[in-house]
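Student: Structural data only, the sequence is not supplied:
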């Protein structure tokens, strides 16, 4: 009964988190932005965070929901940072993709977490622990054990099917990424050859077409992939809309080689101009 109750609440807060994420990102981007890893309208990280708060403040700490605000803030901030960083790391290692990126936010760590967002989660934790969880505990789920367990079983079945479908679709998408990456790398290789042995004057379209760093190559590859979104299945297009960018495990840093080749070409061009003027 206890596990069933926790799971029902886990799904409830996962759904609330999904609504919050989608609403915030849609307003920020001025267009619909789907958030979340699964197909269903849930962001499990919010569910895990809320259940962790229920266990920590409802059972483990003596002062419970009346704990000092600074203690709630520290626990929620540190806990959210650990959860967010580990989730981002695991997803990236499994699928070579990024669902959120804090690179442009100050005081970030590898783009996975940042001090401002961590503090925001700490403040949200105070609101949840002090006001929301006490209200949730007033819901008499224990008075309806059969209904609660039945609802939990239905939600578990929904989550299991959603997870299986998501992983299968993502795996197929990643396989397509491998083939597209090969074509992308061949395009970059052509740029390296042109820059290494080409004419002194190199077209501006070459500089714009190729990355000059590993990070820029990652961004360019993401844009390159999104051009193919219209040709993908409905499920693959769903992933394309929710994934922030792709990160590939490149066998060779073609982008850096291209940068060096372009730098050398530019240097030869400058030396040539200097010699002519002299």
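Tutor: Looks like it arrived, so ask away. These numbers were taken from a predicted model, which means no experiment stands behind them.
Student: So residue 109 versus residue 102, what's the distance?
Tutor: From residue 109 over to residue 102 the distance is 8 Å, taken as CB to CB, to the nearest Å. Every residue, glycine included, has its C-beta placed from N, CA and C.
Student: Please apply the same query to residue 73.
Tutor: Residue 73 is 20 Å from residue 102, by CB to CB.
Student: Please say which of residue 109 and residue 102 ends up with more neighbours.
Tutor: residue 102 (20 against 12; other CB atoms under 10 Å).
Student: Wait, the more buried one touches residue 111, no?
Tutor: Yes - judged on CB atoms under 8 Å, residue 102 makes contact with residue 111 at a distance of 5.2 Å.
Student: list the contacts for the residue most central in space within the chain?
Tutor: Centroid-nearest residue in the chain: residue 99, 1.8 Å away (criterion: CA atoms, centre = their mean). Residues near residue 99 by CB atoms under 8 Å, 6 or more residues apart in numbering: 35-37, 88, 91, 242-244.
Student: Show the buried residues in those.
Tutor: Buried members of the contacts of residue 99, scored by 16 or more other CB atoms under 10 Å, are 35-37, 88, 91, 242-243.
Student: all helices of the protein, in order?
Tutor: Ranges of helices within the chain are 2-29, 44-55, 69-95, 115-127, 133-136, 145-197, 204-209, 214-226, 234-242, 254-277, based on DSSP state H.
Student: which stretch in those is the model least sure about?
Tutor: Lowest mean pLDDT within the helices of the chain: helix 204-209, at a mean of 48.
Student: Surely residue 240 and residue 232 touch.
Tutor: Yes - applying CB under 8 Å, one finds residue 240 in contact with residue 232, separated by 6.8 Å.
Student: Report how many residues lie close to the closest residue to residue 76 other than its chain neighbours.
Tutor: Of all residues not flanking residue 76 in the chain, residue 125 sits nearest, at 2.5 Å (CB to CB, 6 or more residues apart in numbering). By other CB under 10 Å, the residues close to residue 125 number 24.
Student: need the contact list for residue 125.
Tutor: Taking CB under 8 Å, 6+ apart as the test, what residue 125 contacts is 49, 53, 72-73, 75-77, 79-80.
Student: Check the gap between residue 112 and residue 145 for me.
Tutor: 40 Å.
Student: So these two - more neighbours on which side?
Tutor: Taking other CB under 10 Å, residue 112 and residue 145 do not tie; residue 112 has more neighbours (19 against 12).
Student: my read: the more buried one touches residue 102, true?
Tutor: Yes - applying CB under 8 Å as the test, residue 112 and residue 102 come out as touching, 7.0 Å apart.
Student: Looking at the contacts of residue 125, spot the one nearest residue 169.
Tutor: Distances from residue 169 to the contacts of residue 125, taken as CB to CB, are shortest for residue 49 (26.1 Å).
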